[in-house]
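Asker: Structure, please.
(one chain, ligands or ions: 2)
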Amino acid sequence: MSEALRERLPRATRWVVKVGSALVTGDGQGVAREAIGAWAGEVAGLRRGGRQATLVSSGAVAEGMSRLGWAERPSALYQLQAAAAVGQMGVVEAWESGLRAKGLHTAQVLLTHDDLSNRRRYLNARTTLRELLRLGVVPVVNENDTVVTDEIRFGDNDTLAALVANLVEADVLVILTDQEGLYDADPRSNPHARLIQEASAEDPDLERYCGSSAGALGRGGMLTKVRAAARAARSGCTTVIASGREPDVLARVAAGERLGTLLYPEREPVAARKQWLASHLRLRGRLWLDEGAARVVREAGSSLLAVGVNRVEGRFSRGEMVACLDPQGQEVARGLANYSAKEARQIVGRPSREIESILGYVDEPELIHRDNMVITAAGL
Ligand SMILES: Nc1ncnc2c1ncn2[C@@H]1O[C@H](COP(=O)(O)OP(=O)(O)O)[C@@H](O)[C@H]1O
Ligand SMILES: N[C@@H](CCC(=O)OP(=O)(O)O)C(=O)O
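Answerer: Ligands and ions are numbered 1, 2, ... in the order given. Okay, here's the model as predicted:
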(Lines give C-alpha, C1' and ligand atoms only; values in the text may rest on other atoms or scores of the structure.)
(Ligands and ions follow the chains in the order given, each with its own letter.)
Protein backbone atom coordinates (compact mmCIF):
# COMPACT_ATOMS: atom_id res chain seq x y z
CA MET A 1 0.00 0.00 0.00
CA SER A 2 2.61 2.54 1.11
CA GLU A 3 4.95 1.92 -1.84
CA ALA A 4 2.09 2.43 -4.21
CA LEU A 5 1.27 5.70 -2.45
CA ARG A 6 4.81 7.02 -2.75
CA GLU A 7 4.96 5.91 -6.36
CA ARG A 8 2.03 8.15 -7.14
CA LEU A 9 3.92 11.26 -6.10
CA PRO A 10 6.01 11.57 -9.29
CA ARG A 11 2.75 11.85 -11.22
CA ALA A 12 1.23 14.48 -8.93
CA THR A 13 0.91 17.75 -10.80
CA ARG A 14 -0.34 20.35 -8.37
CA TRP A 15 1.73 21.00 -5.28
CA VAL A 16 1.35 23.27 -2.25
CA VAL A 17 4.49 23.69 -0.16
CA LYS A 18 4.22 25.21 3.32
CA VAL A 19 7.35 26.43 5.06
CA GLY A 20 7.20 27.16 8.81
CA SER A 21 8.50 30.18 10.72
CA ALA A 22 11.55 28.53 12.26
CA LEU A 23 12.78 27.47 8.82
CA VAL A 24 12.02 30.74 7.05
CA THR A 25 13.76 32.82 9.70
CA GLY A 26 16.62 30.49 10.63
CA ASP A 27 15.19 30.00 14.12
CA GLY A 28 14.34 33.66 14.46
CA GLN A 29 17.76 34.91 13.41
CA GLY A 30 16.33 36.80 10.45
CA VAL A 31 15.17 35.76 7.00
CA ALA A 32 17.12 32.66 5.97
CA ARG A 33 18.02 33.85 2.48
CA GLU A 34 20.27 30.95 1.64
CA ALA A 35 17.75 28.33 2.67
CA ILE A 36 14.95 30.20 0.90
CA GLY A 37 17.16 30.32 -2.21
CA ALA A 38 17.57 26.54 -1.98
CA TRP A 39 13.79 25.90 -1.62
CA ALA A 40 13.19 28.32 -4.50
CA GLY A 41 15.58 26.19 -6.57
CA GLU A 42 13.59 23.13 -5.61
CA VAL A 43 10.32 24.78 -6.56
CA ALA A 44 11.91 25.62 -9.91
CA GLY A 45 12.75 21.92 -10.21
CA LEU A 46 9.10 21.00 -9.62
CA ARG A 47 8.10 23.50 -12.28
CA ARG A 48 10.62 22.09 -14.75
CA GLY A 49 9.03 18.70 -14.19
CA GLY A 50 5.74 20.15 -15.45
CA ARG A 51 4.23 20.70 -12.00
CA GLN A 52 2.49 23.71 -10.54
CA ALA A 53 3.61 24.95 -7.14
CA THR A 54 2.08 27.30 -4.60
CA LEU A 55 4.08 28.33 -1.55
CA VAL A 56 2.57 29.07 1.85
CA SER A 57 5.23 30.87 3.81
CA SER A 58 5.14 31.73 7.52
CA GLY A 59 7.70 33.91 9.18
CA ALA A 60 6.18 37.39 9.04
CA VAL A 61 5.81 37.74 12.80
CA ALA A 62 9.16 36.09 13.53
CA GLU A 63 10.96 38.25 10.98
CA GLY A 64 9.18 41.39 12.21
CA MET A 65 10.26 40.62 15.77
CA SER A 66 13.83 40.17 14.63
CA ARG A 67 13.79 43.43 12.63
CA LEU A 68 12.27 45.34 15.54
CA GLY A 69 14.69 43.78 18.01
CA TRP A 70 11.98 42.09 20.10
CA ALA A 71 13.22 39.06 21.98
CA GLU A 72 9.83 37.68 22.98
CA ARG A 73 6.71 37.07 20.97
CA PRO A 74 4.19 39.72 22.07
CA SER A 75 0.75 38.58 23.15
CA ALA A 76 -1.22 41.71 22.12
CA LEU A 77 -2.84 41.26 18.74
CA TYR A 78 -1.95 44.75 17.54
CA GLN A 79 1.72 44.14 18.32
CA LEU A 80 1.68 40.83 16.46
CA GLN A 81 0.02 42.59 13.55
CA ALA A 82 2.61 45.36 13.56
CA ALA A 83 5.42 42.81 13.63
CA ALA A 84 3.80 40.86 10.79
CA ALA A 85 3.50 44.00 8.67
CA VAL A 86 7.20 44.68 9.10
CA GLY A 87 8.28 41.09 8.67
CA GLN A 88 6.15 40.21 5.65
CA MET A 89 8.25 42.64 3.61
CA GLY A 90 11.39 40.70 4.36
CA VAL A 91 9.82 37.29 3.89
CA VAL A 92 8.24 38.01 0.55
CA GLU A 93 11.29 39.91 -0.71
CA ALA A 94 13.49 36.88 0.04
CA TRP A 95 11.14 34.55 -1.86
CA GLU A 96 10.88 37.00 -4.73
CA SER A 97 14.64 37.28 -5.14
CA GLY A 98 15.18 33.55 -4.62
CA LEU A 99 12.59 32.65 -7.24
CA ARG A 100 13.69 35.40 -9.63
CA ALA A 101 17.21 33.98 -9.55
CA LYS A 102 15.66 30.76 -10.89
CA GLY A 103 13.76 32.60 -13.61
CA LEU A 104 10.38 32.44 -11.88
CA HIS A 105 7.85 35.18 -11.25
CA THR A 106 6.22 35.32 -7.87
CA ALA A 107 3.09 36.93 -6.44
CA GLN A 108 2.23 37.86 -2.88
CA VAL A 109 -1.21 36.56 -1.88
CA LEU A 110 -2.49 37.53 1.56
CA LEU A 111 -5.70 35.78 2.62
CA THR A 112 -8.09 35.95 5.53
CA HIS A 113 -10.51 33.28 6.63
CA ASP A 114 -13.33 35.42 5.38
CA ASP A 115 -11.95 35.19 1.85
CA LEU A 116 -12.51 31.45 1.86
CA SER A 117 -15.77 31.16 3.75
CA ASN A 118 -17.55 33.76 1.63
CA ARG A 119 -18.41 31.95 -1.58
CA ARG A 120 -17.96 34.82 -3.94
CA ARG A 121 -14.55 35.61 -2.52
CA TYR A 122 -13.72 31.91 -2.49
CA LEU A 123 -14.33 31.69 -6.22
CA ASN A 124 -12.40 34.90 -6.83
CA ALA A 125 -9.43 33.70 -4.79
CA ARG A 126 -9.57 30.37 -6.57
CA THR A 127 -9.74 31.91 -10.03
CA THR A 128 -6.87 34.28 -9.31
CA LEU A 129 -4.64 31.56 -7.87
CA ARG A 130 -5.36 29.26 -10.77
CA GLU A 131 -4.61 32.03 -13.24
CA LEU A 132 -1.30 32.75 -11.51
CA LEU A 133 -0.44 29.06 -11.74
CA ARG A 134 -1.46 28.92 -15.39
CA LEU A 135 0.84 31.87 -16.06
CA GLY A 136 3.70 29.97 -14.46
CA VAL A 137 3.88 32.32 -11.47
CA VAL A 138 4.63 30.92 -8.02
CA PRO A 139 2.14 32.41 -5.52
CA VAL A 140 3.57 33.02 -2.04
CA VAL A 141 0.63 32.91 0.37
CA ASN A 142 0.41 34.06 3.97
CA GLU A 143 -2.39 35.10 6.24
CA ASN A 144 -3.22 38.79 5.98
CA ASP A 145 -2.09 39.30 9.56
CA THR A 146 -2.47 43.07 9.59
CA VAL A 147 -6.22 43.08 9.03
CA VAL A 148 -7.44 39.90 10.69
CA THR A 149 -9.17 39.99 14.03
CA ASP A 150 -9.18 37.23 16.58
CA GLU A 151 -12.31 35.53 15.36
CA ILE A 152 -11.32 35.28 11.74
CA ARG A 153 -7.69 34.24 12.08
CA PHE A 154 -6.75 30.98 10.43
CA GLY A 155 -4.67 30.81 13.56
CA ASP A 156 -1.81 29.03 11.96
CA ASN A 157 -0.42 28.53 8.53
CA ASP A 158 -0.87 24.76 8.53
CA THR A 159 -4.64 25.32 8.41
CA LEU A 160 -4.16 28.04 5.81
CA ALA A 161 -2.04 25.67 3.70
CA ALA A 162 -4.76 23.01 3.83
CA LEU A 163 -7.39 25.53 2.75
CA VAL A 164 -5.12 26.64 -0.10
CA ALA A 165 -4.67 22.99 -1.07
CA ASN A 166 -8.49 22.66 -1.19
CA LEU A 167 -8.70 25.88 -3.15
CA VAL A 168 -6.25 24.99 -5.92
CA GLU A 169 -7.22 21.30 -5.77
CA ALA A 170 -3.69 20.26 -4.98
CA ASP A 171 -2.61 16.66 -5.30
CA VAL A 172 0.09 17.06 -2.69
CA LEU A 173 0.62 19.33 0.32
CA VAL A 174 4.19 19.30 1.62
CA ILE A 175 4.57 20.76 5.11
CA LEU A 176 8.22 21.56 5.71
CA THR A 177 9.16 21.92 9.35
CA ASP A 178 12.08 21.54 11.75
CA GLN A 179 11.47 17.82 12.42
CA GLU A 180 11.88 14.82 10.11
CA GLY A 181 8.13 14.32 10.15
CA LEU A 182 5.44 13.18 12.58
CA TYR A 183 6.71 11.00 15.44
CA ASP A 184 4.64 8.84 17.72
CA ALA A 185 5.54 11.32 20.51
CA ASP A 186 7.06 14.81 20.60
CA PRO A 187 10.75 14.19 19.81
CA ARG A 188 11.75 17.28 21.78
CA SER A 189 10.64 15.67 24.99
CA ASN A 190 10.85 11.97 24.13
CA PRO A 191 14.16 10.69 22.71
CA HIS A 192 12.61 7.30 21.91
CA ALA A 193 9.95 8.76 19.65
CA ARG A 194 9.70 6.93 16.32
CA LEU A 195 8.97 8.46 12.94
CA ILE A 196 5.61 7.51 11.39
CA GLN A 197 6.28 6.83 7.72
CA GLU A 198 2.75 6.47 6.41
CA ALA A 199 -0.74 6.66 7.82
CA SER A 200 -4.23 7.54 6.78
CA ALA A 201 -4.83 11.26 7.21
CA GLU A 202 -8.09 10.27 8.85
CA ASP A 203 -6.51 7.97 11.44
CA PRO A 204 -7.89 9.22 14.78
CA ASP A 205 -4.73 8.10 16.64
CA LEU A 206 -2.56 10.72 14.96
CA GLU A 207 -3.69 13.55 17.20
CA ARG A 208 -2.63 11.60 20.29
CA TYR A 209 0.98 11.58 19.08
CA CYS A 210 1.20 15.35 19.01
CA GLY A 211 2.75 17.20 21.90
CA SER A 212 0.92 20.32 22.96
CA SER A 213 3.75 22.73 22.27
CA ALA A 214 4.76 24.53 19.15
CA GLY A 215 8.25 25.84 18.65
CA ALA A 216 9.06 29.27 20.08
CA LEU A 217 8.39 30.92 16.74
CA GLY A 218 5.61 28.92 15.19
CA ARG A 219 1.99 28.78 16.25
CA GLY A 220 0.63 25.42 15.45
CA GLY A 221 2.98 22.65 16.50
CA MET A 222 2.35 19.16 15.11
CA LEU A 223 -1.35 19.02 16.00
CA THR A 224 -2.27 21.67 13.44
CA LYS A 225 -0.23 19.80 10.81
CA VAL A 226 -2.10 16.56 11.46
CA ARG A 227 -5.41 18.42 11.34
CA ALA A 228 -4.33 20.19 8.16
CA ALA A 229 -3.60 16.81 6.58
CA ALA A 230 -7.11 15.62 7.49
CA ARG A 231 -8.59 18.77 6.00
CA ALA A 232 -6.51 18.48 2.82
CA ALA A 233 -7.54 14.83 2.52
CA ARG A 234 -11.17 15.93 2.25
CA SER A 235 -10.42 17.22 -1.22
CA GLY A 236 -8.29 14.16 -2.00
CA CYS A 237 -4.91 15.75 -1.30
CA THR A 238 -1.99 13.74 0.10
CA THR A 239 0.14 15.45 2.78
CA VAL A 240 3.83 14.90 3.37
CA ILE A 241 5.34 16.35 6.57
CA ALA A 242 9.11 16.53 6.17
CA SER A 243 12.20 18.37 7.29
CA GLY A 244 12.94 21.54 5.37
CA ARG A 245 16.58 21.08 6.32
CA GLU A 246 16.88 17.81 4.39
CA PRO A 247 18.84 18.47 1.16
CA ASP A 248 16.72 18.32 -2.01
CA VAL A 249 13.68 17.48 0.07
CA LEU A 250 11.06 18.44 -2.54
CA ALA A 251 12.82 16.70 -5.40
CA ARG A 252 13.15 13.56 -3.32
CA VAL A 253 9.54 13.58 -2.17
CA ALA A 254 8.51 14.15 -5.78
CA ALA A 255 10.65 11.20 -6.85
CA GLY A 256 8.73 8.97 -4.45
CA GLU A 257 11.54 8.55 -1.91
CA ARG A 258 10.51 7.42 1.57
CA LEU A 259 11.09 10.66 3.37
CA GLY A 260 9.11 12.25 6.19
CA THR A 261 5.55 11.23 7.01
CA LEU A 262 3.02 10.62 4.28
CA LEU A 263 -0.63 11.05 5.28
CA TYR A 264 -2.92 9.80 2.59
CA PRO A 265 -6.58 10.50 1.82
CA GLU A 266 -9.09 7.68 1.94
CA ARG A 267 -10.91 8.86 -1.15
CA GLU A 268 -9.87 9.57 -4.73
CA PRO A 269 -9.38 13.29 -5.38
CA VAL A 270 -12.22 13.99 -7.76
CA ALA A 271 -14.81 12.05 -5.83
CA ALA A 272 -13.69 13.66 -2.59
CA ARG A 273 -13.91 17.18 -3.90
CA LYS A 274 -17.24 16.65 -5.51
CA GLN A 275 -18.61 15.07 -2.40
CA TRP A 276 -17.44 18.13 -0.52
CA LEU A 277 -19.23 20.35 -3.00
CA ALA A 278 -22.41 18.36 -2.93
CA SER A 279 -22.61 18.16 0.83
CA HIS A 280 -21.59 21.69 1.71
CA LEU A 281 -23.83 23.99 -0.15
CA ARG A 282 -27.52 24.77 -0.32
CA LEU A 283 -29.29 24.98 -3.66
CA ARG A 284 -30.13 28.56 -4.58
CA GLY A 285 -31.50 28.31 -8.09
CA ARG A 286 -32.18 26.24 -11.17
CA LEU A 287 -30.88 26.41 -14.74
CA TRP A 288 -32.98 24.83 -17.49
CA LEU A 289 -30.63 23.36 -20.10
CA ASP A 290 -31.37 22.66 -23.74
CA GLU A 291 -31.14 19.06 -24.98
CA GLY A 292 -27.56 19.42 -26.27
CA ALA A 293 -26.18 21.01 -23.12
CA ALA A 294 -27.94 18.43 -20.91
CA ARG A 295 -26.34 15.65 -22.96
CA VAL A 296 -22.75 16.95 -22.86
CA VAL A 297 -22.95 17.73 -19.17
CA ARG A 298 -24.46 14.32 -18.35
CA GLU A 299 -22.38 12.19 -20.70
CA ALA A 300 -19.08 14.03 -21.04
CA GLY A 301 -19.04 15.92 -17.74
CA SER A 302 -18.44 19.12 -19.71
CA SER A 303 -18.56 22.62 -18.28
CA LEU A 304 -21.87 24.39 -18.74
CA LEU A 305 -21.83 27.34 -21.13
CA ALA A 306 -24.48 30.05 -21.08
CA VAL A 307 -25.37 29.25 -24.67
CA GLY A 308 -26.88 25.90 -23.58
CA VAL A 309 -29.22 27.39 -20.98
CA ASN A 310 -32.80 28.40 -21.76
CA ARG A 311 -34.07 29.71 -18.44
CA VAL A 312 -32.82 30.80 -15.02
CA GLU A 313 -34.83 30.39 -11.82
CA GLY A 314 -34.09 31.62 -8.32
CA ARG A 315 -31.90 34.24 -6.72
CA PHE A 316 -28.27 33.36 -6.39
CA SER A 317 -24.93 35.08 -6.28
CA ARG A 318 -21.67 34.16 -7.94
CA GLY A 319 -20.28 31.09 -6.21
CA GLU A 320 -23.61 29.70 -5.02
CA MET A 321 -24.93 26.26 -5.83
CA VAL A 322 -27.51 25.80 -8.57
CA ALA A 323 -29.16 22.73 -10.11
CA CYS A 324 -29.04 22.04 -13.85
CA LEU A 325 -32.23 20.53 -15.27
CA ASP A 326 -32.79 18.92 -18.65
CA PRO A 327 -35.78 20.05 -20.78
CA GLN A 328 -37.95 17.40 -19.06
CA GLY A 329 -37.14 18.89 -15.66
CA GLN A 330 -34.89 16.07 -14.49
CA GLU A 331 -31.81 17.17 -12.55
CA VAL A 332 -28.62 16.46 -14.48
CA ALA A 333 -26.02 18.13 -12.31
CA ARG A 334 -25.43 20.77 -9.69
CA GLY A 335 -22.56 23.17 -9.32
CA LEU A 336 -21.23 26.58 -8.38
CA ALA A 337 -22.42 29.36 -10.67
CA ASN A 338 -19.77 31.73 -11.96
CA TYR A 339 -22.41 34.43 -12.43
CA SER A 340 -25.29 35.69 -10.30
CA ALA A 341 -28.89 34.94 -11.30
CA LYS A 342 -29.26 38.50 -12.58
CA GLU A 343 -26.16 38.21 -14.76
CA ALA A 344 -27.06 34.69 -15.87
CA ARG A 345 -30.46 35.90 -17.11
CA GLN A 346 -28.68 38.35 -19.36
CA ILE A 347 -26.20 35.92 -20.89
CA VAL A 348 -28.22 32.70 -21.29
CA GLY A 349 -28.54 31.53 -24.85
CA ARG A 350 -25.52 33.62 -25.85
CA PRO A 351 -22.02 32.43 -26.76
CA SER A 352 -19.27 33.05 -24.20
CA ARG A 353 -17.45 35.52 -26.41
CA GLU A 354 -20.44 37.88 -26.08
CA ILE A 355 -20.41 37.92 -22.26
CA GLU A 356 -18.10 40.88 -22.06
CA SER A 357 -20.14 43.05 -24.39
CA ILE A 358 -23.36 42.16 -22.56
CA LEU A 359 -22.17 42.56 -18.96
CA GLY A 360 -19.22 44.88 -19.50
CA TYR A 361 -16.86 42.32 -17.92
CA VAL A 362 -16.19 38.62 -17.95
CA ASP A 363 -15.54 36.51 -14.88
CA GLU A 364 -15.22 33.14 -16.59
CA PRO A 365 -16.20 31.83 -20.03
CA GLU A 366 -18.33 29.08 -18.42
CA LEU A 367 -21.53 29.48 -16.45
CA ILE A 368 -20.44 26.51 -14.33
CA HIS A 369 -16.95 25.05 -14.63
CA ARG A 370 -16.75 21.26 -14.74
CA ASP A 371 -14.43 21.25 -11.70
CA ASN A 372 -17.21 22.85 -9.69
CA MET A 373 -19.94 20.53 -10.89
CA VAL A 374 -21.30 17.21 -9.65
CA ILE A 375 -23.23 15.06 -12.11
CA THR A 376 -26.31 13.92 -10.23
CA ALA A 377 -28.28 12.11 -12.94
CA ALA A 378 -25.61 9.57 -13.84
CA GLY A 379 -24.63 9.13 -10.19
CA LEU A 380 -21.09 9.46 -8.95
N1 LIG B 1 4.54 13.87 17.46
C2 LIG B 1 5.35 14.87 17.08
N3 LIG B 1 6.22 14.68 16.06
C4 LIG B 1 7.04 15.69 15.66
N5 LIG B 1 7.06 16.92 16.21
C6 LIG B 1 6.21 17.17 17.24
C7 LIG B 1 5.31 16.17 17.71
N8 LIG B 1 4.57 16.70 18.69
C9 LIG B 1 4.96 17.97 18.84
N10 LIG B 1 5.96 18.28 17.97
C11 LIG B 1 6.62 19.60 17.90
O12 LIG B 1 6.11 20.37 16.80
C13 LIG B 1 7.14 21.26 16.38
C14 LIG B 1 6.85 21.77 14.99
O15 LIG B 1 5.78 22.69 15.04
P16 LIG B 1 6.02 24.25 14.83
O17 LIG B 1 7.07 24.73 15.77
O18 LIG B 1 4.69 24.89 14.83
O19 LIG B 1 6.67 24.23 13.38
P20 LIG B 1 6.47 25.16 12.10
O21 LIG B 1 7.05 26.48 12.45
O22 LIG B 1 7.26 24.41 11.06
O23 LIG B 1 5.01 25.20 11.78
C24 LIG B 1 8.38 20.41 16.47
O25 LIG B 1 9.54 21.15 16.60
C26 LIG B 1 8.10 19.49 17.69
O27 LIG B 1 8.71 19.93 18.86
N1 LIG C 1 1.04 34.46 9.44
C2 LIG C 1 1.95 34.08 10.51
C3 LIG C 1 1.94 32.57 10.57
C4 LIG C 1 2.45 32.01 11.83
C5 LIG C 1 2.44 30.49 11.77
O6 LIG C 1 1.44 29.81 11.54
O7 LIG C 1 3.65 29.98 11.92
P8 LIG C 1 4.06 28.42 11.70
O9 LIG C 1 3.38 27.59 12.77
O10 LIG C 1 5.53 28.48 11.86
O11 LIG C 1 3.67 28.02 10.33
C12 LIG C 1 3.36 34.61 10.17
O13 LIG C 1 3.70 34.74 9.00
O14 LIG C 1 4.09 34.89 11.10
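Asker: by contact count, what packs against the host helix or strand of residue 343?
Answerer: Using DSSP states H and E, residue 343 sits within helix 341-347. Applying 3 or more C-beta pairs under 8 Å, 6 or more residues apart in numbering; DSSP states H and E, one finds that helix 341-347 contacts strand 283-289, strand 309-314, helix 355-359. C-beta: built from backbone N, CA, C; applies to glycine.
Asker: one more time with 7 Å, if that's ok
Answerer: On a contact count with 3 or more C-beta pairs under 7 Å, 6 or more residues apart in numbering; DSSP states H and E, helix 341-347 meets strand 309-314, helix 355-359.
Asker: For that helix, list every residue counted as buried.
Answerer: The neighbour-count check on helix 341-347 (16 or more other C-beta atoms under 10 Å) flags 341, 343-344, 347 as buried.
Asker: can you redo those residues as a markdown table with distance to ligand 1 and pLDDT?
Answerer: Formatted as a markdown table, those follow (distance: C-beta to the nearest ligand atom, whole Å; pLDDT from 0 to 100):
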| residue | distance to ligand 1 | pLDDT |
| --- | --- | --- |
| 341 | 43 | 96 |
| 343 | 42 | 96 |
| 344 | 43 | 97 |
| 347 | 45 | 97 |
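Asker: Can you tell me which of those comes closest to ligand 2?
Answerer: When the buried residues of helix 341-347 are ranked by distance to ligand 2 (C-beta to the nearest ligand atom), residue 343 comes first, at 35.2 Å.
Asker: from what I can see the closest one touches residue 358, true?
Answerer: No - here residue 343 does not reach residue 358: they are 8.7 Å apart, not a contact under C-beta atoms under 7 Å.
Asker: So for stretch 100-109, first residue to last residue, what's the gap.
Answerer: 17 Å (C-alpha to C-alpha, to the nearest Å).
Asker: chain center to it, what's the gap?
Answerer: Relative to its parent chain, stretch 100-109 has a centroid offset of 18 Å by C-alpha atoms, centre = their mean, to the nearest Å.
Asker: what mean pLDDT does it have?
Answerer: Averaging pLDDT along stretch 100-109 yields 97.
Asker: Buried ones in it, by neighbour count?
Answerer: Neighbour counts over stretch 100-109 (16+ other C-beta under 10 Å) mark 102, 104, 106-109 as buried.
Asker: Stretch 64-77 too?
Answerer: By 16+ other C-beta under 10 Å, the buried positions in stretch 64-77 come out as 64-66, 74.
Asker: With stretch 284-298 instead?
Answerer: Neighbour-count burial for stretch 284-298, counted by 16+ other C-beta under 10 Å, picks out 284-290, 293-294, 296-298.
Asker: do the same with stretch 30-47
Answerer: 30-32, 35-47.
Asker: Break down the stretch 51-200 of the chain into its strands, ranges please.
Answerer: 52-57, 106-111, 138-143, 172-177, 198-200 (DSSP state E, counting those that start in this stretch).
Asker: export those strands to a markdown table and tack on distance to residue 93?
Answerer: Below are those laid out as a markdown table (distance: least, C-beta to C-beta, whole Å):
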| stretch | distance to residue 93 |
| --- | --- |
| strand 52-57 | 11 |
| strand 106-111 | 10 |
| strand 138-143 | 10 |
| strand 172-177 | 20 |
| strand 198-200 | 37 |
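Asker: which one of those strands is the most hemmed in?
Answerer: strand 172-177 (a mean of 28; mean count of other C-beta atoms under 10 Å).
Asker: Which single residue in the stretch 1-150 of the chain comes nearest to ligand 1?
Answerer: Counting by C-beta to the nearest ligand atom, the stretch 1-150 of the chain gets nearest ligand 1 through residue 20, at 2.1 Å.
Asker: sorry, back to before: and of the buried residues of stretch 64-77, the nearest to ligand 2?
Answerer: Nearest to ligand 2 among the buried residues of stretch 64-77, with distances taken as C-beta to the nearest ligand atom, is residue 64, at 7.7 Å.
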